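> Sequence and predicted structure below; questions after.
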Amino acid sequence: MEMGLERDARRAADRIAEAESVTIISHIDADGISTESILAQALARAGISVTSVFVRQLEPMAMRHVPKDDSLKLFTDLGAGQQILLSDHGLDADDVLIIDHHVSQPCGTAYPQVNCLDFGITRMSAAGIAYLVAKAIDPANADLAKLAVVGNVGDMMARENCGLVGPARDIVQDGVAYGNIVVQKPDLNCYGTSTRPVHVCLGYCDDPYIDGISNSTTGALRFLEKLGVTLKNPQGGWLVWEELPFDDRRTIISALAQQLIAHGRETDRLLAETYIFPDEPGRTVLRNASEYATLLNACGRWAKPKVGSSICCGDRGDAYRDAEYMLAHHRSVIRDLLQYILDTGVTELSHLQYIHTGDRFPDTIVGIGAGMALSKLNWRKPIMVLAVMVDEPEVIKVSMRTNEWAIARGVDLQGALVEASAAVGGAGGGHRIAAGAFIPHDAEEEFIDGVNRILKRQFAPADTGDS
Ligand SMILES: [Mn+2]
């Protein structure tokens, strides 16, 4: 484990231990929710009174949710990049502790912070840092490593390397030692291995894209039937991937690898390290890290992060029922969005493709739809979806997605959106592969052109290399 980060986590734990009461201000996605639940549980166990507030984004409007009281304000999975806002809000360095993995904004007030980026650790999410703090508060908090893994996976920290690496991987080991995480390696790199019939799981998988199987559950079923593996249980119900015998899984994986090779595709993304939670019931979304994270994201997308937090804290009653309902609803709305994008069609510029969905879909979900649409459209061009924010009609929410192919050629959506949005008086952020921005509604055209120009510049070295 990186010593500097551990030292900062220890310092944060000491600061928290001195506090009479704490307010956690966290982000509404899977990482933000798991982060909040790790800290809320660790603090409650230590007898510290804690209140939580979730925000979609830390912007001026959201600051009214930060109470003006004596509590220590713990900004988690956000805050690092908004320190001037904290300062403008009148918060002193003594009132604040930031636990974040985003790039820090230079600020006149020296807010104490635990940030993995300070130590060159880029593949760790806020939940991972929160876990280190929780462990510094009390080593008995090792059971919370599981939630840190959910947050890390939810924030795509396992994506690039098909598994968690570095200090985030060390946290996995804590969970394995505690007994609530089982590492499967190598495992199929597809979503839904604990809940979906195998052909559905494969049919929905598009990273890697497998010809004849991706985007076709019937194609996937035909493929599996030819292999002669048993796909149903004795009662006639479909088995999920996790329930297949080891030999059948191996047979399927090698056939999938052959299918990829036969179509001239790389096989390196077929397998991944996955994280199973043996203390959760089988055939539920709580059974593995990626489905658990998706459940939490669904709670956030429907503006009910506290439901997700309750689940992280062990509620398997009302909260779990509510979340499952949202997850089901969430998928159908995303399906509708995907269909809308495909039916309506995108406008293609030289280096990007875009569509405006107006106020048809919640702005919180358009990014997911964009990601799903990309593999069915021209996957070489990053996709941009613009949406009207229902509660703020003057503001347009922009979501962009691209893929590993474009990243390898120099594309950085975070960089592109930060630069282009700043030029029109907006604000952007995110990651190389997925980023978002808020822009004034009357600056749309200028903004889209700006992003296209920046992408052209980013692609340029690879473009000349290919020709
Ligand atoms: Mn995060």
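Thanks, I have it.
> check contacts around Phe361.
With contacts defined as Cβ atoms under 8 Å, 6 or more residues apart in numbering, Phe361 is in contact with 333, 336-337, 340, 369, 387. In short, each C-beta sits where N, CA and C put it, glycine included.
> What helix or strand is it located in?
Taking DSSP states H and E as the definition, Phe361 sits outside all helices and strands.
> can you check Asp70 too?
Using DSSP H and E, Asp70 sits within no helix or strand.
> Which residues are in contact with it?
Contacts of Asp70 (Cβ under 8 Å, 6+ apart): 20-21.
> Would you mind listing which of the contacts of Phe361 are buried?
333, 337, 369, 387 (16 or more other Cβ atoms under 10 Å).
> related to what we said a few turns ago, out of the contacts of Phe361, what pair is the most spread apart?
By the measure Cβ to Cβ, Asp336 and Ala387 form the most distant pair in the contacts of Phe361, at 13.6 Å.
> wouldn't Asp138 be in contact with Ala46 here?
Yes. The pair Asp138 / Ala46 is scored as a contact, 6.6 Å apart, by Cβ atoms under 8 Å.
> so who does the residue of the stretch 301-450 of the chain found nearest the ion touch?
Residue of the stretch 301-450 of the chain nearest the ion, by Cβ to the ion: His431 (9.6 Å). For His431, the contact set (Cβ under 8 Å, 6+ apart) comprises 156, 413-414.
> now do Ala142
Contacts of Ala142 by Cβ under 8 Å, 6+ apart are 135, 174-175, 177-178.
> Gln414 too?
Going by Cβ under 8 Å, 6+ apart, Gln414 touches 428-432, 435.
> so which two of those are the farthest from each other?
The two members of the contacts of Gln414 with the most space between them (Cβ to Cβ) are Gly428 and Arg432, at 12.8 Å.
> Among the two, which residue is more densely surrounded?
Gly428 (23 against 18; other Cβ atoms under 10 Å).
> any idea which element that one lies in?
strand 427-430.
> Drop anything exposed from the contacts of Ala142.
Using 16+ other Cβ under 10 Å, the buried members of the contacts of Ala142 are 135, 174-175, 178.
> would you turn these into CSV with distance to Ser290 and pLDDT?
Shown next, in CSV, are the buried ones among the contacts of Ala142 (distance: Cβ to Cβ, whole Å; pLDDT from 0 to 100):
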residue, distance to Ser290, pLDDT
Lys135, 23, 98
Asp174, 19, 98
Gly175, 15, 98
Tyr178, 20, 98
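> how many neighbours does the closest residue to the ion within the chain have?
Minimum separation of the chain from the ion (Cβ to the ion) falls at Asp31, amounting to 3.4 Å. Other residues near Asp31 come to 31 when the count uses other Cβ under 10 Å.
> okay, now the domains of this protein?
As assigned by automatic domain parsing, the chain contains the domains 3-156, 186-330, 345-466.
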